[in-house]
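**Student:** predicted model, plus sequence, below.
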Amino acid sequence: MSRRDLSPAALFELAVGGERRSLGRLLTLVERGGPDADTITELSYRAGGAGHVVGITGAPGAGKSTLVGQLVRTIAEAGKRPAVLAVDPSSPLSGGAILGDRVRMDDVVADHDAFIRSMATRGHQGGLALAIPGAVRVLDAAGYDPVIIETVGVGQVEVDVAAAADTTVVVVNPGWGDAVQANKAGLLEVADIFVVNKADRPGAGDARRDLELMLDLSHVSGQEDEGFRPEIVLTTATDGTGAAEVVAAIDAHRAHLGTGDRLAARRRAQVREEIRVRLEQLLGHRIDEAVADDPTGDIARATAGDLSPAAAATAALTDLLSGES
Amino acid sequence: MTDDRASTESDRTGVARDEWQAAYDAAELRDVPFETMSGVPVEPVYGDGPYPGQYPFTRGVYPSMYRSRLWTMRMFAGFGTAEDTNARFKELLRNGGTGLSTAFDMPTLMGRDSNSEWSTGEVGRAGVAVDTLADMEDLFADIDLGGVSTSMTINGPAPMLLAMYIATAEKGGTARADLAGTIQNDIFKEYQAQKEYIYPPRPSVRLVTDMMSFTSAEMPRWHPVSISGYHIREAGSTAAHELAFTLANGFAYVEAAVAAGLDIDDFAPRLSFFFNSHSDFFEEIGKFRAARRIWARWMKERYGATSERSMLCRFHTQTAGVSLTAQQPEVNIARVAIQALAGALGGTQSLHTDSYDEALALPTDKAARIALRTQQVVAHETGVANVADPLGGAPYVEWMTDEMERQAEEVFAHLDELGDGSILEGVYAGIDNGYFVGEIADAAYRFEREVHAGRRIIVGVNDFTDGDDGQQNLLRIDAETEEYQLKRLAAVMQDRDSDAVARVLSRITTEAEDATINLMPAFIDAVQAYATEEEICQALVPVFGTYVEKAII
Amino acid sequence: MGDDVTVRIILAKLGLDGHDRGLKVVARILRDAGMEVIYLGLRQTTDSIIAAAEQEDADAIGLSMHNAGHMTLAPKMVEAVRAAQLDIPVVVGGIVPDDDLQPLLDAGVAAVLGPGSPAEDVARTVRDVVSANR
């Protein structure tokens, strides 16, 4: 029977039981949003929560997919079940996307219990900020641990990812002031681990020094979190050099989170952030409706020039907040 | 060259003309009338110098060009089992041929044996299947390898196939020093366009330089690399990028070989090139002329070559397979004729003309014959072979040549910057960051959009579509070849000393770890022990790794 | 399901054949038609394509064929899709002689796009086979 005809609950049961195509289908529903996605969130919220969520970001061409492929291999060979959410931008013109990250991870899937899902940003407001934690939760509930989220490090997407991750890895390359660029892009503040990939190239040592220096400065300015200094790992992802060290650094950060209240604090922040986004979305729908339906007639008065837009908005808000729903 | 700072332009031209005349007079000429069809005698060259055979060789690599020798009509072929192709070779030699050109099947090109699960359905289809030395022995059985020149189109597993060729020759009593031929062995364009790679770029280039060193020392008549733009163009690049990427790859091999300790004037004369001839007539001619000028200038000025032979860009040309249409296929004969003419006017050293039915399948005998006849018409009936560089000096042709050069220099500057002053490092970086495949994919998509939008007319495809009477008489290859080859391989593996094979394979793995060791001797030992192509290729994987392309679209 | 749902299609080449020009052009055509293309590229096996189709919940599989392998490989792919109970269409593009068209359709291939198919045809064909299946 086609998995398209099953209910979210039936799919969820099959996915938790290990069926990949049901899990694949669930992720589609989560990504699409709406009532089915909410049902799935409800189910997976109860089931999961134990797994580690790792965000990996960096500039285009930094070698993230190759690195993630090596990490997944290393993790799977240690007997775990890693999953990857590979996020790539949608075309702003057509809304379509070419998702090519699997290419460099696929051979791992063949030999191990790993799950890779490509996801396009799809551009809709706040959609990704819900789809990512939703997808992570489903993968977690299906027993995948860790869940690695890979994104191109530009703009809102990677902020959304950092918000959903327990550990954030920032990938830079030797040369061209990559470390400086990462700093400018604000990645220094979200990074728990730095990877200097393509370390077989000249300038890898310089990149490490640049990062150390910037960490020293941020330490002075008090940005650094609770005495934790991000580790800097050199890798050559094309031949796997350094992958084990990155996995070790991820594990070390996880252990660090496990001390005191750190992990719980991160998770609380994640939940708060998700609720904020959901509220925004819920309110957004209501606002759209209010503007379209104009239940109080204030918008019509404003468009007729009898009321200022500010006054109309205030009136509409009062109506919205006192609304019966 | 003379020091003529004080002399006038016309004096210089005069000196160049005198020198050219002396060289021309010394050349042996074909015994045919150098006159028009109507009996008007024509000069061997017109216009200004530098003349053909003079630096920077824009007008041709030899003073007398086709008056001495027509381009070689080299028709690439290969099919079925080694015995099938052997019979074809012998027929060619009986008919006066002296050059053999071998096409291998896809599994052989990819370093896979016929019994690999990857090979299903592809054994012996697009070329001959070679798994072990036994197949190479069958392929060249009863052929005097000291008396022919052999071209082998293979890249990733090139050293293994060269090892098999050497072993076959020596078993038959021909010393390796007496072997003449070419092996394509151009690994850079595999990452850029053709995608028949096995290992990552750097270890693959070690194999290329190992072969360059080995042939320099032991096989003076062998051409160890044929630097190929053909596949770059087929993958969709522009003409200028075909030119630029190909020559940049050439520069990269030169840098790699020099870094491996070779003397440039030792190996550079044995480098050769392979270009595409597409349908935009003058663009192609400009490309060919620019190729010669750029190569000569870079070899002399940047790499310090002193022998003129190191500066010659000698090339083979093939008409553009990608231009062939499935619709109204006979129209392809016209396309091929025009492309072949561009190759001749561009001064190619050899030419393969495609068959009109190749858009859909391997050529039938009749189609292949028509293709050969097409270039024979160009050579013998049109008169273009009478005059070297007959279009030289025409404003449009000279402008196009300059424009091709200008665009190519832009690419070189980009790669030089990417590689921090090294074209070799720039090419590695461009492979790694997707520059080459990205540029090629962009150009391919742009062209496709223009065709789809009707802005470019392809006759029979998006206009003038009446009269397509469908596809007829396509060549089909039966499945028997695969069965035969599987049995043959099993028998060879049954008969060999498997301990000896295991020993030599483990030696290959060990030697691969030391970059100072030339791997060719170990490969020759391995093929002599009847290790299979795939076994040898796989023995390198633990050290070299494999290559998976990033998706650049 | 409505037409506003994003189509997700896998594009791949089976076997050793390295001609990927057409596959890349089609990837862009489909992206520009608003689809999400999961690009697997060269040297895939039926197993790797099935694994991707499951995990990506793909609506279709697009194969590009240039080495006369289509008569062996395309039916193998259709079989694998059925065996995995995926119930999604397989579309074949590339060099396919006219004579092979009907046998491929008989073998369960949903559509065949020959050389020189216009961009609109490519996108429309994919949309058609996907919505017929939904």
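**Tutor:** Okay, I see it. Residues are numbered from 1 along each chain as shown, chains lettered A, B, ... in the order given.
**Student:** grab the nearest non-local neighbour of residue 101.
**Tutor:** No chain in the question, so chain A it is. With sequence-adjacent residues excluded and distances taken as CB to CB, 6 or more residues apart in numbering or on different chains, residue A:101 is closest to residue A:86, at 3.7 Å. Every C-beta, even on glycine, is put in place using the N, C-alpha and C of the backbone.
**Student:** ah, I was thinking of chain B
**Tutor:** In space, residue B:101 is closest to residue B:151, 4.4 Å off (CB to CB, 6+ apart).
**Student:** for the closest residue to chain B within chain C, what are its contacts?
**Tutor:** Nearest residue of chain C to chain B, counting by CB to the nearest CB: residue C:18, 3.4 Å away. Shown in contact with residue C:18 (CB atoms under 8 Å, 6 or more residues apart in numbering or on different chains): B:194, B:195, B:196, C:42.
**Student:** quick one: the top strand by length along chain C near chain A?
**Tutor:** Ordering each strand of chain C by length in residues (DSSP state E) puts strand C:36-44 first. Yes - using CB under 8 Å from any CB of the partner chain, strand C:36-44 reaches chain A at C:36, C:37, C:38, C:39, C:40, C:41, C:44.
**Student:** what helices and strands are in contact with that strand?
**Tutor:** strand A:97-99, strand A:115-120, strand C:8-14, helix C:21-32, helix C:46-56 (3 or more CB pairs under 8 Å, 6 or more residues apart in numbering or on different chains; DSSP states H and E).
**Student:** can you redo these as JSON lines with mean pLDDT?
**Tutor:** Supplementary listing: those in JSON lines, determined by pLDDT from 0 to 100:
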{"stretch": "strand A:97-99", "mean pLDDT": "94"}
{"stretch": "strand A:115-120", "mean pLDDT": "95"}
{"stretch": "strand C:8-14", "mean pLDDT": "96"}
{"stretch": "helix C:21-32", "mean pLDDT": "94"}
{"stretch": "helix C:46-56", "mean pLDDT": "95"}
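**Student:** can you put those in JSON lines and add distance to residue C:107 and mean neighbour count?
**Tutor:** Formatted as JSON lines, those follow (distance: least, CB to CB, whole Å; neighbours: other CB atoms under 10 Å in any protein chain shown):
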{"stretch": "strand A:97-99", "distance to residue C:107": "28", "mean neighbour count": "26"}
{"stretch": "strand A:115-120", "distance to residue C:107": "29", "mean neighbour count": "25"}
{"stretch": "strand C:8-14", "distance to residue C:107": "14", "mean neighbour count": "26"}
{"stretch": "helix C:21-32", "distance to residue C:107": "21", "mean neighbour count": "24"}
{"stretch": "helix C:46-56", "distance to residue C:107": "14", "mean neighbour count": "22"}
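**Student:** before we move on, the earlier item: doesn't the residue nearest to residue A:101 fall inside a helix?
**Tutor:** No - counting by DSSP: H, G, I helix; E, B strand; the rest coil, residue A:86 is located in no helix; its state is strand.
**Student:** heading C-terminal from the helix or strand that contains residue B:240, find the next helix or strand.
**Tutor:** Using DSSP states H and E, residue B:240 falls within helix B:239-259. For helix B:239-259, the following helix or strand on the C-terminal side (DSSP H and E) is helix B:264-267.
**Student:** contacts for that next one, please.
**Tutor:** Contact with helix B:264-267 is made by B:212, B:216, B:224, B:254, B:257-258, B:299, B:303-307, B:309-310, as judged by CB under 8 Å, 6+ apart.
**Student:** from these, pick the one nearest chain C.
**Tutor:** Taking CB to the nearest CB as the measure, residue B:224 is the one of those closest to chain C, at 22.6 Å.
**Student:** residues near the closest one, how many?
**Tutor:** Close neighbours of residue B:224, defined as other CB atoms under 10 Å in any protein chain shown, add up to 27.
**Student:** right, and it touches residue B:184 too?
**Tutor:** No - with contact defined as CB atoms under 8 Å, residue B:224 does not reach residue B:184; the gap is 9.9 Å.
**Student:** thinking again about what came up before, do the helix holding residue B:240 and chain A meet at all?
**Tutor:** No - contact between helix B:239-259 and chain A is absent, the nearest approach being 15.3 Å (criterion: CB under 8 Å from any CB).
**Student:** is that helix in proximity to chain C?
**Tutor:** No - Helix B:239-259 does not reach chain C (CB under 8 Å from any CB); its nearest approach is 13.6 Å.
**Student:** now stretch A:132-142: how far from the chain's centre is it?
**Tutor:** With CA atoms, centre = their mean, to the nearest Å as the basis, stretch A:132-142 stands 11 Å off its chain's centre.
**Student:** can that stretch be said to contact chain C?
**Tutor:** No - using CB under 8 Å from any CB, stretch A:132-142 stays clear of chain C, with a minimum separation of 10.5 Å.
**Student:** now stretch A:10-27
**Tutor:** Yes - using CB under 8 Å from any CB, stretch A:10-27 reaches chain C at A:20, A:21, A:23, A:24, A:25, A:27.
**Student:** ok, and the most crowded of those?
**Tutor:** residue A:23 (28 neighbours).
**Student:** neighbours around residue A:75, how many?
**Tutor:** Residue A:75, neighbours per other CB under 10 Å, totals 24.
**Student:** what pLDDT does the closest residue to residue B:133 other than its chain neighbours get?
**Tutor:** Distance criterion CB to CB, 6+ apart; nearest residue to residue B:133, sequence neighbours excluded, is residue B:527 at 4.7 Å. According to the prediction, residue B:527 has pLDDT 98.
**Student:** just the element for the nearest residue to residue B:289 once chain neighbours are set aside, please.
**Tutor:** Counting by CB to CB, 6+ apart, residue B:289 lies nearest to residue B:401, which is 4.4 Å off, once chain neighbours are set aside. Secondary structure from DSSP H and E places residue B:401 in helix B:395-418.
**Student:** contacts for that helix, please.
**Tutor:** B:58, B:239-241, B:243-245, B:247-248, B:251, B:282-283, B:285-287, B:289-290, B:293-294, B:391-392, B:422-423, B:425-427, B:429-430, B:433, B:435.
**Student:** is chain C contacted by the helix or strand following it?
**Tutor:** Going down the chain from helix B:395-418, the next helix or strand is helix B:423-432, by DSSP H and E. No - judged by CB under 8 Å from any CB, helix B:423-432 makes no contact with chain C; its nearest approach is 15.1 Å.
**Student:** report the inter-axis angle for the next helix or strand along the chain from helix B:423-432 versus helix B:239-259.
**Tutor:** Moving toward the C-terminus from helix B:423-432, the next helix or strand (DSSP H and E) is helix B:435-452. Taking axes from the mean of the first three to the mean of the last three CA atoms, to 10 degrees, one finds that helix B:435-452 is oriented at 160 degrees with respect to helix B:239-259.
**Student:** chain center to the next helix or strand after helix B:435-452, what's the gap?
**Tutor:** Note on helix B:435-452: by DSSP H and E, the next helix or strand toward the C-terminus is helix B:480-495. The chain centre lies 31 Å from the centre of helix B:480-495; the measure is CA atoms, centre = their mean.
**Student:** strands along the stretch 1-150 of chain A, start to end?
**Tutor:** Along the stretch 1-150 of chain A, the segments classed as strands by DSSP state E, counting those that start in this stretch run A:53-58, A:83-88, A:97-99, A:115-120, A:147-152.
**Student:** which residues are in contact with residue 312?
**Tutor:** Since no chain was named, I'll use chain A. Neighbour list for residue A:312: A:298, A:299, A:301, A:302 [criterion: CB under 8 Å, 6+ apart].
**Student:** other chain: chain B
**Tutor:** B:57, B:61, B:269, B:292, B:295, B:296.
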